[in-house]
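Colleague: sequence plus predicted model, see below.
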Amino acid sequence: MTDPIADMIIRIKNAGASHKETANFPYSKIKHEICLLLQKESFIGDVHKKGKKVIKTIEVAILYANDRPLIQDVRRVSKPSRRIYRKVGDIRKVKQGFGSLILTTPKGIMTDVMSRKQKVGGEALFEIW
């Protein structure tokens, strides 16, 4: 798999589009941190790490509002073939503030609002709305 983060966010989006209750994908520390941030921002529900040693997975609950998933779409910004970095002044709102840009910064993984507040830039992973 060349882009595990894109695989994770597409699995979550597709699970919501097909009205599933949960989505499962292989575990990694960065994926787990991204899921905890998405849970904090109320895009997904509970996040559980399952399994032991080699075969670990992450299970996330999909949230719905009026029978529509809260995650309508995602767009991968930085890819393995082309990394995109944003300075604090270059970070803009996503969908007029209804979405979020997820960044990985020297201070950890955070949203566009958090990174502007802490005045730190970083690699733009993906936009979600």
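Modeller: Good, I have the coordinates.
Colleague: report all helices and strands that the helix ranked longest in the chain contacts.
Modeller: The residue-count maximum for a helix in the chain (DSSP state H) belongs to helix 4-17. On a contact count with 3 or more C-beta pairs under 8 Å, 6 or more residues apart in numbering; DSSP states H and E, helix 4-17 meets strand 22-26, helix 29-40, strand 57-62, strand 68-69, strand 74-76, strand 122-128. Every C-beta, even on glycine, is put in place using the N, C-alpha and C of the backbone.
Colleague: pick the most buried one from these.
Modeller: Burial among those, expressed as mean neighbours by mean count of other C-beta atoms under 10 Å, is greatest for strand 122-128, which shows a mean of 20.
Colleague: list the contacts of the residue nearest in space to the middle of the chain.
Modeller: Centroid check for the chain by C-alpha atoms, centre = their mean gives Ile34 as the closest residue, at 5.0 Å. Taking C-beta atoms under 8 Å, 6 or more residues apart in numbering, we find Ile34 in contact with Ile5, Met8, Ile102, Ile109, Leu125.
Colleague: same check on Ala124?
Modeller: Neighbours of Ala124 in contact, by C-beta under 8 Å, 6+ apart: Val77, Ser78, Ile84, Tyr85, Arg86, Ile91, Leu101, Ile102, Leu103.
Colleague: ends of stretch 72-86, what's the gap?
Modeller: The first and last residues of stretch 72-86 sit 24 Å apart, counting by C-alpha to C-alpha, to the nearest Å.
Colleague: rounded mean pLDDT for it, please.
Modeller: Taken as a whole, stretch 72-86 has a mean pLDDT of 95.
Colleague: so which bits of it are buried?
Modeller: Val74, Arg76, Val77, Ser78, Arg86 (16 or more other C-beta atoms under 10 Å).
Colleague: for those, which one is nearest Ile58?
Modeller: Val74 (16.4 Å; C-beta to C-beta).
Colleague: from Asp3, how far off is that closest one?
Modeller: 13 Å (C-beta to C-beta, to the nearest Å).
Colleague: could you do Gln96 as well?
Modeller: Gln96 sits 28 Å away from Asp3, going by C-beta to C-beta.
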